[in-house]
Structure formats: C-alpha cells, structure tokens
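K.L.:
just the structure for this:
(2 chains)
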There are 2 protein chains.
Amino acid sequence: MTTDKTVNSEIAKNVDERLKALSSIGSDPTGGMTRLLYTDSWLQAQKYVKQQMESFGMTTQFDEVGNLFGRIEGTDLPDETIMSGSHIDTVVNGGKLDGQFGVVASLTAAQYLLEKYGQPRRALEVISMAEEEGSRFPMAFWGSKNFVGVANDDEVKDIADAEGNKFVDEMHRQGFDFKPKQTRRDDIKAFVEEHIEQGDILEHEHEQIGIVNNIAGQRRYNITLKGEANHAGTTPLSYRHDAVYGMSKIISKALDRAHEIGDPLVLTFGKVAVKPNTVNVVPGEVLFTMDCRHTDAEFLVNFTQELEEMMKATAKEQGLGIDIDLWMDEAPVPLNDEIVATIEKEAKAEGYKYRIMHSGAGHDSQVIAPFYPTAMIFVPSIDGISHNPAEDTPFEDLVTGVQLLADTLYQLAYK
Amino acid sequence: MTTDKTVNSEIAKNVDERLKALSSIGSDPTGGMTRLLYTDSWLQAQKYVKQQMESFGMTTQFDEVGNLFGRIEGTDLPDETIMSGSHIDTVVNGGKLDGQFGVVASLTAAQYLLEKYGQPRRALEVISMAEEEGSRFPMAFWGSKNFVGVANDDEVKDIADAEGNKFVDEMHRQGFDFKPKQTRRDDIKAFVEEHIEQGDILEHEHEQIGIVNNIAGQRRYNITLKGEANHAGTTPLSYRHDAVYGMSKIISKALDRAHEIGDPLVLTFGKVAVKPNTVNVVPGEVLFTMDCRHTDAEFLVNFTQELEEMMKATAKEQGLGIDIDLWMDEAPVPLNDEIVATIEKEAKAEGYKYRIMHSGAGHDSQVIAPFYPTAMIFVPSIDGISHNPAEDTPFEDLVTGVQLLADTLYQLAYK
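P.N.:
The predicted structure follows:
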C-alpha cells in the first residue's frame, strides 16, 4: 500500500480538528485536561465521538456502561469484526493525547479507509472506551473489562469519588447501568490500540513508531523495616538497629542487581517514609515501596522472590524486623504475534523508523489481549512526559501513527 | 574518704525530696516536665533552689540574666572557687532528670560536705544555670555562655518563642536583663557537672558511673541529590537518574566505612525527604541529613571531608547533581585530665563500676571547659531514654552519683 501527500494531509486535517475539539471538552484552566468517568464533560466527549462516527456513515451504539461503538458492516465476512480504539477518560490535570488520541486515530483511520476503499470485507469497528485511568473512583479498566465480560459489579457497588459521589448514582445520572450479565462477543478477530508511548525510548532512539508485542507485568510492594530509634550522639554504632542503613543496603543491592540484568527489567523505589525523621535520632522505622516490571511472567516472579530473600537476609544481618507486603501482582500480557507482524510489514513498506517494544505502562489492551488477538502502536512522547499538561507528540508523528493504523486495519479488514 | 550507710541515707533523702519538689514545678499533664526559660515555672524552680541553698547556709545571688549561684566561702584560699552545677530548664515534655538532677546533686553534695566537714579551704559554689536546651527560643546555652562571658546579646535581641513572645520582654518580665558587659571571673579553679548519660552504654555494660573526658564534636549536613523524575514503567534503567539509588549507595558506603572505624565515631542519616515520593515515579530528588560526631577534632574534619568526596564521586557516577550543606560544625571539647583523674581515684576507692567515656550529647560543660578546668560525671539512663517523660535512672545510681560528686568536691575544695 502506498501513501500520497494528499492522503496524509486529509488525515492530518482530521486528526488536528478532532484533537482540538475533544481537548476543549474537560479542559481545565491550567492548560491540562480533566475528564473523569460519568461526569458531564465525559458524556459530552462520548457524544462528540458518536457524532463524528456518524458523520462518515458509521452506525453507533452505546453499551450499558457507556462504551461507545461505531461500526461499518463487512461485505464478505459480516460475522468477523476488526476493532480499533482506546479510552476517552483522562487523569486529573492530564494531557491531550493519553486515551483520546487512540480514539481519534481509530476514527480517522476508519474514515480514510471507507472513503478510499469503500465497505470492508470484514466489519470494522471503532471503540471509545468509557474508563481506563482509575482517576475518579478506586477501580480501573471499567470500559475494557465490561467489553470483554470480566467486570466485577460488586467491586463498584459501594465506591464513591473523593467528593462522596457514589459510582452507581453517577452512572445512573448519565443514563447508564450495569450490564445485566457479563457477556463476551465472539465476532472480534483483531483489536489494535494506538497510544502515546509515555516514555522516551522512541525519542531517544529517533524512531517514529513503536510496535508493542508485550505489556509488562508489575509487582508492587510496601516494605517496612523496624529497628530502634536512638539518640544520634549517645548510641554507639555497634548498639544500633538503624532502619535507614538497612533500607540503603537493600535498595543499592537490588538496583545494582537490576542494572546488571538490564532491559526489559525496571525496578523503582519511589516512596520513602522514615520515623521519626529527625536529624539527630537514629531512624527506628522506614517504609518504602518497590515497583518491579518485566515482560516475562516467570522472570518477574523469580526475580522479585530473589529480592525478597535478599531483603530478609539483609534485615536479619542488621538486626531489623521486616514486613514485605506484595499488594499488586499483575502478570505480563503477551500481544498477538501475527498482528505485530502485520504492523511491522506495513511500517517497513513505508520506510518508517520503528522498533518492536514492550509497554511498561498499563493499557486497555492488557485486558482485551487474553480474549482477542491484540496489538498496539506507539507514537513518541516528547521528553517521555505523560499524565501532565505538557504531554505532547510531534504532529507529524501523530499523522504517521494514524496512517500506519489505517494501513494495518486495511490488511486486517479488507484483505 | 569512706562512706557509711547513714551518710548515704541522708543523701538519698535529700535527693529524693528535692527531685520530687522540683519535678512538681512545670510538670505537665502527660507526666513529663516543661519548664522553659523565663516562664513562671522556671522562676519558681530557681527560687526553690535558692531557698534550698540558703537552708544549709549558702549565700545566694542571681546574675543579671538569671543564673543562680550559692556560695560557701573558703577558709585558706578564699580567692579560689570550686564550682559544680547544671541547668534548671527542660525541653518541652521532657523528663525529671535532665539538668535538674545535676543541680540537685551539686546542692546535696555541698550540704553533705558542709555538714560533715565544715567550711572548705577553697570557696565552694553551686550554679543553677538559666538555660541550656534551646527549647523555647532559637538559641541555646544562654546560662553557661553568660557565665563565661561569651554570650552574644545581638543574637537574642530580636528573637521570639513560638507564641511570638519576645525574648527580651520575657527576660524583663521576670526581672532579669542583659549583662552590661560580657565578663569572666578569674577565681574558678574547677567545674564539675553531674548529668544523666542519655545513652545506654553504662546500662549495657552494667556500670554505675561514667567519667566524662571529652564532649564529642558534631557536624551536621543537609545533602540534596538531584536526578530526574520519570515514569517507573516506561523509563529503562539505563536512562534513569534515580536520586534514591544515589542516596542508598552513599548511605550504605558511608555507614559501612563508619562501622569499620567504630567508637567513638557515630554517623546518622536521620531524615529523608523524597520528591515526588510516589510508588510509580522514579525519584527525581532527595534531601537527607547527615549527623557525624567524634571526640577528635582533626578526625572529625578529615572523616567528613572523606565522606563529602565519596558523595560527590557517587553522585557523578550516577549522573546526579549534588548539593552538600554543612550547617552545624562544633569541634570536640576535651575535658580536664586532672579532674578526670581525681574522679576516677575516688570511684576506684569506693569500688564503683565506672568507665572513662565521652559524651555524645551536648552539655553546659562544653561551653565552660575552654575557660575553666572542667569534667563531668554521668549516671546511667534506663534504656538510654532522655528528653521524654520516660527518662529515668535507678535511684541507687542517682545516690551513688551524688556521693561520688561529694567525694570529688571534697578533694578539690577541702584538700
């Protein structure tokens, strides 16, 4: 498939207009975006997407919970659906690309294909998912989980947002409700999600496209070391049970080991809280977090178990008590090799600079991939910034991303 | 000099009564003591001490700022004065021994000597110093600094307590004022201060007495490491500038080295503040404190300089910026060998379990020692607890401490 400048300029115009229109819905005074599930601006954004879908001939439908679908029927294989999309919600004071760029990309690619090639052999659908970020209520992936029939209604029945608004009341207020039963469609043959990278590998390596073959698993821990708070002047070193000393040994050993191993392993000790946290008192207690991610499920479990053993041994050597709490344990999600190969073939044909990579951040695709063949396309993030009003991508990279998505959907739906 | 049970029981009775009486002045509802400079309870305590001094024949006098002196004239060498005492103020919610036990010990030892041996050859004085803790106003050692003529009036002229009460107003309210000129007496031939250890070495080693030959110097630092905050999932390890990783390497290297060296070196990293301090963000910045103490001035400077070099090199290796701020630099204060030897001889003669040791905490003696021959006697602190309502010492150890102080003052003032 070849591209021409005319085509690109048409895609560019649509991407630009649609991003601008969506970014005005829920924009906040600081220059960022706040569009949380079941708020008025959220519904307004879904209605804008619905109207855009209908503008070029898609039939549209909301499901019970508020996921929006736009569909073009297939000619030869009407029972097979190729789907593309992302989520419409944002974090608090987020940027103008996370989520909504994927929706705009799918919409714009579908319009381009329909206008250029007419009706596809397989049905082509765009999904604008209700919620992914977990930024209003204490739960996440509400959209994708309902789409694939794995949402647990009991988990949200009693939850409320920070202002005390109940999830259920807000859902009803906007005209939505629980699905009567969690069901899953059997017509979806492929799902492709386009998203910003939220990291700076593509920028760093001067690449336009990331083709995502895996979403890293992650394990998160709270680790508490318990020693003894003592006077910093009158307590000899040999008497001490210094929690910060123990923490320092653990973190430096763990990160030394992680750096030896390298990609795709990442390991972060992001939060530290010391007690009593005073210049002249030997620290009696410290709580710190550990966030470990890898694309291989077995490696992730084995490596974190190795770290747990090291932490226990180090605490013992230092005469410290230790409490290790694994509070998040998500396995890596491999994506579909065939779709990855299709995307790569198209990227190569166009001469794009691309890489096959994993995603270190979570996405709707990780919920969908266990049920339907799934892959993702990344476009670069300037300085790797995301979840922030400064979130941005060079405009030509956005257009390239949409073009590649269109080429991929052409292969999947038209061939 | 020999002791007999009668004598000890008389000392015991006086120590018990005087500590109880003083502990009722400024006691707070939590069971602790709060008696801050120039408050009403502070003046009440000084007046109680004055009345106790006079009760057995001392002549008493306040200096301009509120230090209280009780004096027994000498027979043969009236121009030579042997002095003993400590401070009358407490920290907020402190214990019943820090400071006031030293005042009670000096008072009780002087009464014992006068009643047993009559007038001394040299004058014998007890001082109840106005302020040591720095707990009400942002300055400390107001009593001892005025006593030795090194107080800087300009430093306190504009300061106020947390409620906004001005230092000068409060001083005037209680009938005190600045010294017209900072002067220093030339009659003081020895100063001996008795104090609780505020650590747990004596308890740990099953000893009754610490004879203090040095007050450790201390250097305190704020250290800031500046890296780059990044997404914990999407930023490869090799791209990171992780401030907590750098801090962990620095703290573990520094404490490993300090443990190799051992006593009397102590090294504490008491306070840690991470930015942004979130589980899934690579730490972009960390501020931590370092408190280093040693009895040898040259060692303290050389060792902390070695650490500064190591910190800079480690920061450089890790691609981090570093800011090292030395904000407290107090040299060690050696105490007087001859007085230490006199105390040791008396302790040995009585068969006390004792050790020659340094003080890791600060005391009035460090202000006085540069001008007059000075030493200290420590009694054990249960569990090393101090600056806390739980601060305590076995009563028999308090009595032993007072007896040893009396024996020492006998050698200094009567021989």
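K.L.:
please parse chain A into its domains.
P.N.:
In the assignment given by automatic domain parsing, the structural domains of chain A cover A:5-216+A:332-413, A:217-330.
K.L.:
mind putting the ones you listed in JSON lines, mean neighbour count and distance to chain B included?
P.N.:
(C-beta placed from N, C-alpha, C; glycine too.) Compiled in JSON lines, those are given as follows (neighbours: other Cβ atoms under 10 Å in any protein chain shown; distance: least, Cβ to the nearest Cβ, whole Å):
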{"stretch": "domain A:5-216+A:332-413", "mean neighbour count": "20", "distance to chain B": "3"}
{"stretch": "domain A:217-330", "mean neighbour count": "20", "distance to chain B": "3"}
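K.L.:
and of those, who's closest to residue B:238?
P.N.:
Smallest distance to residue B:238 across the domains of chain A (Cβ to Cβ): 6.8 Å, for domain A:217-330.
K.L.:
next one: the closest one to chain centre, how far?
P.N.:
For domain A:217-330, the distance from its own C-alpha centre to the chain's C-alpha centre is 27 Å (Cα atoms, centre = their mean, to the nearest Å).
K.L.:
residue contacts, the nearest residue to residue A:332 once chain neighbours are set aside?
P.N.:
Leaving aside its sequence neighbours, residue A:332 sits nearest to residue A:217 (Cβ to Cβ, 6 or more residues apart in numbering or on different chains; 3.6 Å). For residue A:217, the contacting residues are A:293, A:294, A:295, A:297, A:300, A:330, A:331, A:332, A:333, taking Cβ atoms under 8 Å, 6 or more residues apart in numbering or on different chains as the criterion.
K.L.:
any idea how far the second one is from residue A:201?
P.N.:
Read that as residue A:294. Distance, residue A:294 to residue A:201, using Cβ to Cβ, to the nearest Å: 16 Å.
K.L.:
also the fourth one?
P.N.:
For residue A:297, the distance to residue A:201 (Cβ to Cβ) stands at 22 Å.
K.L.:
rewinding a little: can you give me phi and psi for the residue nearest to residue A:332?
P.N.:
In this entry, residue A:217 is assigned phi and psi values of phi -80, psi 160 (degrees, to the nearest 10).
K.L.:
tell me what it is bridged to.
P.N.:
The residues listed as beta-bridge partners of residue A:217 by DSSP bridges are residue A:294.
K.L.:
quick one, what contacts the residue positioned nearest the centre of chain A?
P.N.:
Taking Cα atoms, centre = their mean as the criterion, residue A:363 is the residue nearest the geometric centre of chain A, at 2.8 Å. For residue A:363, the residues meeting the contact criterion (Cβ under 8 Å, 6+ apart) are A:86, A:132, A:193, A:195, A:215, A:376.
K.L.:
just the closest of the residues you listed to residue A:58, please.
P.N.:
Looking at these and their distance to residue A:58, the nearest is residue A:86, at 16.4 Å (Cβ to Cβ).
K.L.:
and the closest one, its phi and psi?
P.N.:
In terms of degrees, to the nearest 10, the main-chain angles of residue A:86 are phi -160, psi -160.
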